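Novice: The amino acid sequence is not available; the structure is as follows:
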């Protein structure tokens, strides 16, 4: 998958428009548009880091060096994931099970939404 596809896919997973990604990354909306249209195929490393950070993924994932994000990649690149993980570490076994059940519930909801979009 190309940079343009990964940026767009990650942006859409966050339910963001291009302007929201631009604001979160500090990259202009015009540049985000050019990336997603394929007009920009390479970014400076600093810009890649900004876009990846805003999207909560690694630079390696954005540029296609890896197809999967490990839990460490997610936690390392997403401040929300860091916060959740820090809280998770302090939970009891019962509370961790409740978190797992809630995540399962959200995943099922997401799958249902996907079916309704077709």
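Specialist: Ah, there it is. Computed from a predicted structure; not experimentally measured.
Novice: Quickly list the domain ranges of the protein.
Specialist: Listed domain ranges for the chain are 1-66, 78-118 (source: automatic domain parsing).
Novice: Redo the ones you listed as JSON lines? Include distance to residue 72.
Specialist: For glycine as for every other residue, the C-beta is placed from the backbone atoms N, C-alpha and C. Converted to JSON lines, the domains of the chain look like this (distance: least, Cβ to Cβ, whole Å):
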{"stretch": "domain 1-66", "distance to residue 72": "9"}
{"stretch": "domain 78-118", "distance to residue 72": "10"}
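Novice: Touching, residue 32 and residue 23? I think so.
Specialist: No: look at residue 32 against residue 23 with Cβ atoms under 8 Å: they stay out of range, at 10.0 Å.
Novice: ok, now how distant is the closest residue in space to residue 82 that isn't next to it in sequence from residue 89?
Specialist: Counting by Cβ to Cβ, 6 or more residues apart in numbering, residue 82 lies nearest to residue 75, which is 5.6 Å off, once chain neighbours are set aside. Look at residue 75 and residue 89: by Cβ to Cβ, to the nearest Å, they are 11 Å apart.
Novice: what do you get for residue 83?
Specialist: In terms of Cβ to Cβ, residue 83 sits 11 Å off from residue 89.
Novice: Which residue of those two possesses the greater neighbour count?
Specialist: Taking neighbours as other Cβ atoms under 10 Å, residue 83 and residue 89 compare with residue 83 leading, 11 against 8.
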